[in-house]
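Engineer: Everything below, folded, please.
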Amino acid sequence: MASEKTSRRQYRQQARARQQEETRRRITEAVVELHERVGPVRTTISDVAELAGVGRMTVYKHFPTDSDLFRACGSLWSERNPPPDFSACMEQIDPQQRAQCVLERLYRYYRETHVMMGKILRDASLLPALQEVVDEGWMGLIRQLEHDLVPQGARGAAARRMRAAARVALDLHSWEILAAAGLTDRAAAAVTARWIAASGSSLAGAERSL
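Structural biologist: Below is the predicted model:
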């Protein structure tokens, strides 16, 4: 008899856990949808609760802080939109070819995700909790790519110029400008890769004249 009661209790606990997980998933999906539609700044807890079919207190119960909500949203969205794999690009010995490979894959990713990415990056400067999540996640990847696009042998002013050029080339807004000008992702990557490579050339004379 005791064993039967234990089994029923375990079943109820498992069913409750599944229900809680499903509720959490619905809330997270609602946040993702609203962030892509109107952006984080314009997304309210009431909007999330209504779209998820739960009460506001249920949202707070599952996600007590903004950071909790943004991290869950980011994890689900990244799961559905994983960043490109740049490992094959890093095998390119020539720095310009490596940069073009990276940028072409990145620009293709921007084309597929810019609706959401644009709103997230735009609103991050207004929401400290979101900024923290972006800095730890996406911007961490961008900083690593920026480092990887500067040849190890580059030093001093040349390295600083190449890093600055890479930083601009990797930015979502740079892709938006190039795409708006009618360039394909491959053509845009070729332009910015050449720019990064050229920025490492000796400009000592020009610098002294400035």
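Engineer: Kindly list the single helix or strand of this structure that scores lowest on mean pLDDT.
Structural biologist: The element with the least model confidence among the helices and strands of the chain, by mean pLDDT, DSSP states H and E, is helix 204-209, at a mean of 41.
Engineer: Give me the residue ranges of this structure where confidence is low.
Structural biologist: Counting by pLDDT under 70, the ranges of the chain that qualify are 1-15, 17, 202-210.
Engineer: Grab the most central residue of it for me.
Structural biologist: With distances taken as C-alpha atoms, centre = their mean, the chain has residue 138 as the residue nearest its mean C-alpha position (3.8 Å).
Engineer: Provide a list of residues in contact with that residue.
Structural biologist: Residues in contact with residue 138 (C-beta atoms under 8 Å, 6 or more residues apart in numbering) are 83, 117, 120, 121. Glycine gets a C-beta too; all of them are placed from N, C-alpha and C.
Engineer: what does residue 108 give?
Structural biologist: Residues in contact with residue 108, defined by C-beta under 8 Å, 6+ apart, are 84, 185.
Engineer: Now with 10 Å, please.
Structural biologist: Taking C-beta atoms under 10 Å, 6 or more residues apart in numbering as the definition of contact, the neighbours of residue 108 are 84, 175, 184, 185, 186, 189.
Engineer: Look up how far residue 185 lies from it.
Structural biologist: Counting by C-beta to C-beta, to the nearest Å, the gap from residue 108 to residue 185 is 5 Å.
Engineer: so what's in contact with those two at the same time?
Structural biologist: Counting by C-beta under 10 Å, 6+ apart, the residues touching both residue 108 and residue 185 are residue 175.
Engineer: how far away is residue 32 from residue 21?
Structural biologist: When distance is defined by C-beta to C-beta, residue 32 is 16 Å away from residue 21.
Engineer: of those two, who's got more company?
Structural biologist: Set side by side, residue 32 and residue 21 give different neighbour counts by other C-beta atoms under 10 Å, the larger being at residue 32 (18 against 11).
Engineer: Give me the residues contacting the helix or strand where residue 70 lies.
Structural biologist: Remark: residue 70 resides in helix 66-80, with elements defined by DSSP states H and E. Under the criterion C-beta under 10 Å, 6+ apart, residues 24-25, 27-36, 40, 43, 45, 48, 59-60, 62-63, 65, 113, 116-117, 120, 124, 127-134, 136-138 lie in contact with helix 66-80.
Engineer: Which SSE is immediately downstream of that helix?
Structural biologist: Towards the C-terminus, the helix or strand next in line after helix 66-80, according to DSSP H and E, is helix 87-90.
Engineer: Buried residues, that next one. List them.
Structural biologist: Burial within helix 87-90, assessed by neighbour count using 16 or more other C-beta atoms under 10 Å, is assigned to residue 89.
Engineer: what's the answer for stretch 49-60, then?
Structural biologist: Neighbour-count burial for stretch 49-60 flags 49, 51, 52, 54, 58, 59 (criterion: 16+ other C-beta under 10 Å).
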